[in-house]
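Student: Coordinates for the following, if possible.
(one chain, ligands or ions: 1)
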Amino acid sequence: MAKFRQLDSCLRETGLASDVQMHRPLPVPRRLLELVHDRDYHEAFARDRLDRQAQRRIGLPVTTPLVQRTFLAVGGSLLTARLALKHGLACHLAGGTHHAFPDYGSGFCIFNDLAICARTLLEQEGLTQIMVVDLDVHQGDATALIFQHEPRVFTFSAHAASNFPARKQSSDLDLPISDGVEDQEYLALIGNHLPDLLDRLNPQIVLYNAGVDPHRDDRLGRLALTDVGLLQRDHLVLDACLRRKIPVATVIGGGYDAMTPLVKRHALVFRAAADQARLHGL
Ligand SMILES: [Zn+2]
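Tutor: Residues are numbered from 1 along each chain as shown. Next comes the predicted model:
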């Protein structure tokens, strides 16, 4: 997909990422995929045997490149989470597919990468407290449902209340936001909740969905953040984690606009990460 290639180019051209900082993921292994997703579902997707209704719900035509990209993107989120545990901070050029449920996909999401990461870290790395911070403008509904009975994974979603999905799930903390909210109000809301949550839970890693669709020009968002507001948001989240020595893995989440402004917007979290890494001596 052009967006991912262009984001890669943008990061290299602006000096935000160099060859030594770039890592190539492997496709997610089936065994880890099945920590979250039903075998019938992922096999039907990979073999292009989803029925028409299931495909319509996802909203993307199933093609061979899509299948390859989907397995690779989840592998990338896993790699990012492991790099974050090792180095303190790592950023993925894809990921954040939070509307993917165990047995079906929806809203352009096929596999729930952060849910697979969280389950893998619980199982393979022996972690006992993980936090998902989902600031994409849409509620992380599937992630909330997947972990509704899992106390070791805390789900936090701040989203436009009136936006997709119409039927919300219950995260451990939901912050529904009114249409049209601008930078200062939004930042105050996140700033009033996130630091206290981190102090209370002291998670061993934060998995951060830095969706850029709360932007005022986004076609599917209903909020009114500017580029500066999004950048400040990413600084706020990363600084709150890193000053508490909590590793953070970021994924890009959603964004819907013309390619050039969109790619620049997705690059904001990388800019915040580069600055925060320097500030915190990583
Ligand atoms: Zn979104």
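Student: hey, where'd the helices end up in the stretch 101-250 of the chain?
Tutor: For the stretch 101-250 of the chain, applying DSSP state H, counting those that start in this stretch gives helices covering 113-124, 141-146, 183-201, 227-242.
Student: got the angle for the third one vs helix 227-242?
Tutor: For helix 183-201 against helix 227-242, the angle by axes from the mean of the first three to the mean of the last three C-alpha atoms, to 10 degrees is 10 degrees.
Student: Output the longest helix belonging to the chain.
Tutor: helix 64-87 (DSSP state H).
Student: give the contact list for residue 172.
Tutor: Neighbouring residues of residue 172 by C-beta atoms under 8 Å, 6 or more residues apart in numbering: 144, 147, 154-156. In short, each C-beta sits where N, CA and C put it, glycine included.
Student: and the residue of the stretch 151-282 of the chain found nearest the ion, how many neighbours does it have?
Tutor: Of the stretch 151-282 of the chain, the residue with the smallest distance to the ion, taken as C-beta to the ion, is residue 254 at 2.8 Å. Residues within reach of residue 254, counting by other C-beta atoms under 10 Å, total 25.
Student: Next up, the contacts around it.
Tutor: 96, 108, 136-138, 211-213, 220.
Student: quick one, strands of the protein?
Tutor: 89-91, 130-134, 153-160, 173-177, 205-209, 248-251 (DSSP state E).
Student: need these in CSV with distance to the ion and mean neighbour count, can you?
Tutor: Shown next, in CSV, are the strands of the chain (distance: least, C-beta to the ion, whole Å; neighbours: other C-beta atoms under 10 Å):
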stretch, distance to the ion, mean neighbour count
strand 89-91, 18, 23
strand 130-134, 9, 27
strand 153-160, 8, 25
strand 173-177, 13, 17
strand 205-209, 9, 27
strand 248-251, 12, 27
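Student: Just the pLDDT for residue 228.
Tutor: Each residue has a pLDDT score; the one for residue 228 is 98.
Student: just the one 10 residues further on next, same as before
Tutor: Reading off the per-residue confidence, residue 238 sits at a pLDDT of 98.
Student: List, one by one, the residues from the stretch 101-250 of the chain near the ion.
Tutor: Neighbours of the ion within the stretch 101-250 of the chain, by C-beta under 5 Å from the ion: 136, 138, 211, 213.
Student: what about residue 278, neighbour count?
Tutor: 9.
Student: How about residue 69?
Tutor: 17.
Student: Was I right to think it contacts residue 5?
Tutor: No - taking C-beta atoms under 8 Å as the definition, residue 69 is not a contact partner of residue 5, at 11.1 Å.
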